[in-house]
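Chemist: sequence first, then the predicted structure, then my questions.
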Amino acid sequence: MSGVRVLVGTHKGAFVMTSDGKRKKWDISGPHFAGWEVYHLKGSPADPNRIYASQSSGWFGQVIQRSNDGGETWEPVDNSFAYKGTPGPHTWYDGTPHPWEFKRVWHLEPSLNDPDTVYAGAEDAALFHTTDGGKSWDEIAGLRQHETAPRWQPGAGGLCLHTIILDPSDPARIYIAISAAGAFRTDDGGKSWKPINKGLASGFLPDPTAEIGHCVHHMAMHPSKPGVLFMQKHWDVMRSDDAGETWREVSGNLPSDFGFVVDIHAHEPDTIYVVPIKSDSEHIPPDGKLRVYRSRSGGNEWEARTKGLPQENCYVNVLRDAMSVDSLDECGVYFGTTGGQVYVSADAGDSWEPIVENLPAVFSVEVQTLP
């Protein structure tokens, strides 16, 4: 029977949770890197034993960790993100009129077919990649050389590049999202980039429909429909059917169209999931009820999936990388909260139960389906 491995990054370490295909009993290991912020862990689609983790500290800097045995042991592998001898972030120049500050790696995206190739999204708004398993990293400099880059502004979480989507039908096409610059796409492997924000509207901008400046929270794409994208932004759930060229709102009957996560069923590309949050000033569930909303029609029509979730006095948040799905026959859906709970639904969202409670605040949840 196939199984799953759930990779959880938290405010004070990482946790690895494994189960068989029933997803009822869980073995939990951790905390790995106890006391360190672990913003993201992600496994390689090309090697079920390879996992990468972004470990950071405001005092000791940024480290990329790698496991070659499914998270049982780890080794620090990066040389170019590492602590440089002075506390806190360091800066560098890349030809722009001002220095870009390096703070942390928010997101790791391993290649679809090479376990040694990984992309990394950093703050400030940089995209890096490695081809040697994390030992050395190079910036894909075309992104920050875009003509709009001097006008990019940070969101509340900083000027973070937090979403990286690799197109399985075109190795040269990559999508990224930056808070609060917007979404961008390259069709030539990163040499050049174009903003893909047409149709987005942000009331906090002087020009609400500007080319850049939109606070995108997360994007998702189903591998069977690489031209279809879903987005949760700072207000509004959006959909694109033309590789990001244009967007339309699909918030429909959600109780709030503010939130951070959006994900897609493994086998149903028009079944999507979001977790509504009350507002940009109150990062809590509406009415104190933790509800996952599912649309089986690609947006607009939504249903609350609440069985097993707290429906009173719940005031947690679900951050942008804290939802994932597995690819078992009955798709499992997973998410973590800032209250330290990690939930699983083994029936595509119909019912939920906690895998674990009382962890540190959860930053990210990723799932590997095991053979």
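Modeler: Received the coordinates, thanks.

Chemist: in terms of helices and strands, where is the residue lying closest to residue 15 once chain neighbours are set aside?
Modeler: Nearest residue to residue 15, sequence neighbours excluded (Cβ to Cβ, 6 or more residues apart in numbering): residue 30, at 3.5 Å. Heads up, the C-betas are built off the backbone N, CA and C, glycines and all. Per DSSP states H and E: residue 30 is located in strand 27-32.

Chemist: render the CA-only coordinates of that strand in PDB, please.
Modeler: Extracted in PDB, the C-alpha atoms of strand 27-32 (Å, rounded to 0.1, in the frame of the first residue of the first chain):
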ATOM      1  CA  ASP A  27       4.800   8.400  13.000                       C
ATOM      2  CA  ILE A  28       6.100  11.800  13.900                       C
ATOM      3  CA  SER A  29       9.800  12.800  14.100                       C
ATOM      4  CA  GLY A  30      11.200  16.100  15.200                       C
ATOM      5  CA  PRO A  31      11.800  18.800  15.900                       C
ATOM      6  CA  HIS A  32      14.600  18.800  13.400                       C
END
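
Chemist: one step back: ok, now how distant is the residue nearest to residue 15 from residue 360?
Modeler: Between residue 30 and residue 360 the computed distance is 10 Å (Cβ to Cβ, to the nearest Å).

Chemist: what is in contact with the two at once?
Modeler: Here residue 30 and residue 360 have residue 13 as joint contacts, going by Cβ atoms under 8 Å, 6 or more residues apart in numbering.

Chemist: compare those two (neighbour count), which wins?
Modeler: Higher neighbour count among residue 30 and residue 360: residue 360, with 20 against 17, using other Cβ atoms under 10 Å.

Chemist: got the phi/psi numbers for that one?
Modeler: phi -60, psi 170 (degrees, to the nearest 10).

Chemist: returning to what we had before: quick one, what contacts the residue nearest to residue 15?
Modeler: Contacts of residue 30 by Cβ under 8 Å, 6+ apart are 8, 13, 14, 15, 16.

Chemist: do residue 34 as well
Modeler: Counted by Cβ under 8 Å, 6+ apart, residue 34 has contacts 12, 13.

Chemist: figure out the helix or strand that it lives in.
Modeler: Counting by DSSP H and E, residue 34 is found in no helix or strand.

Chemist: give me the ChimeraX select line for the contacts of residue 30, limited to the buried ones.
Modeler: Applying 16 or more other Cβ atoms under 10 Å to those, the buried members can be selected in ChimeraX as follows:
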select :8,13,14,15,16
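
Chemist: a markdown table for the contacts of residue 30, including secondary structure?
Modeler: Shown next, in a markdown table, are the contacts of residue 30 (DSSP: H, G, I helix; E, B strand; the rest coil):
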| residue | secondary structure |
| --- | --- |
| 8 | strand |
| 13 | strand |
| 14 | strand |
| 15 | strand |
| 16 | strand |
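
Chemist: after the helix or strand hosting residue 101, next one along is what?
Modeler: Element membership of residue 101, judged by DSSP H and E, is strand 100-102. Following strand 100-102 in sequence order, the next helix or strand is strand 104-110 (DSSP H and E).

Chemist: packing partners of that next one?
Modeler: strand 37-44, strand 47-57, strand 61-67, strand 118-123, strand 160-166 (3 or more Cβ pairs under 8 Å, 6 or more residues apart in numbering; DSSP states H and E).

Chemist: relative to residue 309, which of these is closest?
Modeler: strand 37-44 (24.0 Å; Cβ to Cβ).

Chemist: partners of that closest one in the sheet?
Modeler: Looking at strand 37-44 with DSSP bridges, its partner strands are strand 47-57 (antiparallel).
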